[in-house]
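Peer 1: Sharing a sequence plus its predicted fold:
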Amino acid sequence: MGFSGAVSQMSQDRCRFSVIVPVRGESVQINALIEHICGTAQSYKCQIIVVDGDPAGATIGSIRDSNVIALTSEPGRGRQMNAGAAIASGDVLIFLHADTRLPPRAFTKIDHLLENDDCVGGAFALGIDSKRVGIRYVELAAAFRCRFLRVPYGDQAIFMRKDYFEHVGGYREIQLMEDIDLMRRVKRAGGKISIIDDRVSTSARKWEKDGIFFGSLRNHILAGLFYLGVSPEKLARFYYGR
């Protein structure tokens, strides 16, 4: 997986949850995110692992909490999340984007959901931190996709039993669509994915940057092309503009 860098604190004690946060250029908000995770976890024993895709470790260098496990990795969300999962000691892995906040009692809801042995993981409903009317369309489209296809995206705080995550081979270290690819392999292996109705709150910055209509249409087209077999590398060239 090719990860390196100093680990600020690594406990091998088992815990219920490991929250894995892939970052790059998130120095401004990383400490607020860590405080949010700790506050939401409440009484649960929770391990926080921040994986920086910047070789210089600019984001993890800004972390104030010495209990956080911090490391660097080659860039790429799939690669970074695999690096975090490899050292995680939690029974359940939660993959949390840096610009996403969990709903209240998120850990309790996950814990109760996974009391059902048939369920291997899931995610939350998508909520976007914006009052713009067009954003509601994005949320409704995500709700439709999750209800009928059971394919949540990474900004919905995907969680999974660690042993099952390892069983299906973790994330493929591809440039794009690593979340859809993982969900597709879970479904092919017969794993049950559940969506919790409570909403995460994710930043609207990417929709505001790209435009709500264009960004949504582009994402639907890219997902469709991926299902049709177009390589992630080709899709990434279109998505990133190079």
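Peer 2: Received it, and whenever you're ready, just let me know what you need.
Peer 1: pLDDT on the host helix or strand of Cys38, on average?
Peer 2: Under the criterion of DSSP states H and E, Cys38 resides in helix 30-41. Helix 30-41 shows a mean pLDDT of 97.
Peer 1: The helix or strand following it to helix 30-41, inter-axis angle?
Peer 2: Using DSSP H and E, the helix or strand that follows helix 30-41 towards the C-terminus is strand 46-52. Using axes from the mean of the first three to the mean of the last three CA atoms, to 10 degrees, the inter-axis angle of strand 46-52 relative to helix 30-41 is 160 degrees.
Peer 1: what packs against the helix holding Cys38?
Peer 2: strand 15-23, strand 46-52, helix 106-113 (3 or more CB pairs under 8 Å, 6 or more residues apart in numbering; DSSP states H and E). (Glycine included, C-beta is placed from N, CA and C.)
Peer 1: Pick the most deeply packed of these.
Peer 2: Scoring the helices and strands packed on helix 30-41 by mean neighbour count under mean count of other CB atoms under 10 Å gives strand 46-52 as the most buried, with a mean of 26.
Peer 1: Against which helices or strands is that strand packed?
Peer 2: Using 3+ CB pairs under 8 Å, 6+ apart, strand 46-52 sits against strand 15-23, helix 30-41, strand 69-73, helix 77-87.
Peer 1: could I get these as a markdown table with distance to Val120?
Peer 2: Formatted as a markdown table, these follow (distance: least, CB to CB, whole Å):
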| stretch | distance to Val120 |
| --- | --- |
| strand 15-23 | 15 |
| helix 30-41 | 21 |
| strand 69-73 | 24 |
| helix 77-87 | 14 |
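Peer 1: Which one, of the ones you listed, ends up nearest to Ser194?
Peer 2: Of all the helices and strands packed on strand 46-52, strand 15-23 sits nearest to Ser194, with 16.6 Å by CB to CB.
Peer 1: Each with direction, which strands does the closest one pair with?
Peer 2: Taking DSSP bridges as the criterion, strand 15-23 forms sheet pairs with strand 46-52 (parallel), strand 90-95 (parallel).
Peer 1: the inter-axis angle of the first one versus strand 69-73?
Peer 2: Counting by the same axes, to 10 degrees, strand 46-52 lies at 30 degrees to strand 69-73.
Peer 1: what's strand 46-52 in contact with?
Peer 2: Residues from elsewhere that reach strand 46-52, judged by CB atoms under 8 Å, 6 or more residues apart in numbering: 3, 5, 11, 15-24, 30, 34, 37-38, 58-60, 63, 65, 67-73, 80-81, 83-84, 87-90, 107.
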